[in-house]
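Enquirer: Sequence unavailable; structure follows:
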């Protein structure tokens, strides 16, 4: 057998090189071709750092106001006058009450008298005069009962409500004398005029609230209970 010529050898090498190029091209096309329709693709995993949303604080409750408890108040809205005689009929007494205040006048119509002022709280009366006379009592319904101490003498009483013109009156004259009247429900009047020397009071006209003293007309005030003397 004879030896191959150089041309045959060169042709064979060229054919092999062409085959190698075709194979490499086919592989590269397959690796870069887009995925076929319907073929699932996997997205690259995100490398962005995860962020945590700040916790939202729960809504604050509206401030709770302190409970307002109605303050219990004493029943002091009475506005009335009570009049009558002490139990032993030693003296006549009138008590005027208005709101939480009270005024009392006790007299025998001749020489002994006392004006007392004080408080009315939860049905209780506590009054005192400038001279130290004292009245304590209870108000219930249309009556007042208790004890009044005048010049060291204790006088018990239980008196009823007195509607106008009955009631308690007081006047001051130009001569600086003070006159007190108690008008009872039956129209009876008991009072003292005191200009330094106590004596019986002149007649009072409850309708006009006036009296005549030494030829001069004086006007009396109807005592409500909240006055101070």
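Expert: It's in. This one's a predicted model, so the numbers in the text were calculated from it and none came from an experiment.
Enquirer: CA only for contacts and neighbour counts going forward, please
Expert: OK.
Enquirer: mind listing the helices for this structure?
Expert: 6-32 (DSSP state H).
Enquirer: Can you pull out the low-pLDDT segments for it?
Expert: Residues of the chain that meet the criterion pLDDT under 70 lie in 1-76.
Enquirer: 90 instead?
Expert: Scanning the chain for pLDDT under 90 picks out the ranges 1-78, 141, 173-176, 214, 229.
Enquirer: Skip the chain neighbours and tell me the closest residue to residue 151.
Expert: Of all residues not flanking residue 151 in the chain, residue 133 sits nearest, at 6.6 Å (CA to CA, 6 or more residues apart in numbering).
Enquirer: Let me fix that, I meant to ask about residue 119.
Expert: Excluding the flanking residues, the one nearest residue 119 by CA to CA, 6+ apart is residue 101, at 4.4 Å.
Enquirer: and the gap between that neighbour and residue 128?
Expert: Residue 101 sits 12 Å away from residue 128, going by CA to CA, to the nearest Å.
Enquirer: what residues do these two have in common as contacts?
Expert: Shared contacts of residue 101 and residue 128 (CA atoms under 8 Å, 6 or more residues apart in numbering): 117-118.
Enquirer: So for those two, which residue has more residues nearby?
Expert: Counting neighbours by other CA atoms under 10 Å for residue 101 and for residue 128 shows that residue 101 has the greater number, 24 against 20.
Enquirer: so what's that one bridging to?
Expert: On the basis of DSSP bridges, residue 101 is bridged to residue 98, residue 119.
Enquirer: likewise the one 4 residues further on?
Expert: For residue 105, the residues forming beta bridges with it (DSSP bridges) are residue 94, residue 115.
Enquirer: Spit out the contact partners of it.
Expert: 93-95, 113-116, 168, 180, 182.
Enquirer: for residue 171, same thing?
Expert: Taking CA under 8 Å, 6+ apart, one finds 178-180, 218-221 in contact with residue 171.
Enquirer: go on, residue 86?
Expert: Here residue 86 is in contact with 92-93, 155-159 (CA under 8 Å, 6+ apart).
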